[in-house]
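Undergrad: Please find the sequence and the predicted model below.
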Amino acid sequence: MIAATTTDTGLKVRCEIDPNTYPAGVKISDQVMDSIALERHPFHGDWNYTIRPKTPVPKR
């Protein structure tokens, strides 16, 4: 469903399946979680958020 998402302003979404396997039950400390530059969006911030780099990304 996400691959068919569009908007009036022209947003196109591309997705692909990640075939890798990852270990279950990995615990991330509160300290590590607090260090992530996470900006929750006003609408369903638990699902919709932006992760920003810790330092500004140089422009090319």
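TA: Everything's here; your move.

Undergrad: Using CSV, write out every CA atom in stretch 25-41.
TA: Provided in CSV are the C-alpha atoms of stretch 25-41 (Å, rounded to 0.1, in the frame of the first residue of the first chain):
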residue,chain,number,x,y,z
GLY,A,25,14.7,-8.7,21.6
VAL,A,26,17.5,-6.3,21.2
LYS,A,27,17.3,-3.8,24.0
ILE,A,28,18.2,-0.1,23.4
SER,A,29,19.1,1.9,26.5
ASP,A,30,17.1,5.0,27.4
GLN,A,31,20.4,7.0,27.1
VAL,A,32,20.8,5.9,23.5
MET,A,33,17.1,6.5,22.6
ASP,A,34,17.4,10.0,24.2
SER,A,35,20.4,10.8,22.0
ILE,A,36,18.4,10.3,18.8
ALA,A,37,17.3,13.6,17.2
LEU,A,38,13.6,12.5,16.9
GLU,A,39,11.0,15.0,15.9
ARG,A,40,7.5,13.7,16.5
HIS,A,41,4.8,15.0,14.1
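
Undergrad: Any stretches of the protein with poor pLDDT?
TA: Low-confidence segments of the chain (pLDDT under 70): 1-4, 56-58, 60.

Undergrad: need the strands for it, in chain order.
TA: Here the chain has its strands, by DSSP state E, at 37-40, 49-52.

Undergrad: Number of residues surrounding residue 49?
TA: 13 (other C-beta atoms under 10 Å). Bear in mind the C-beta positions are built from the backbone N, C-alpha and C, glycine included.
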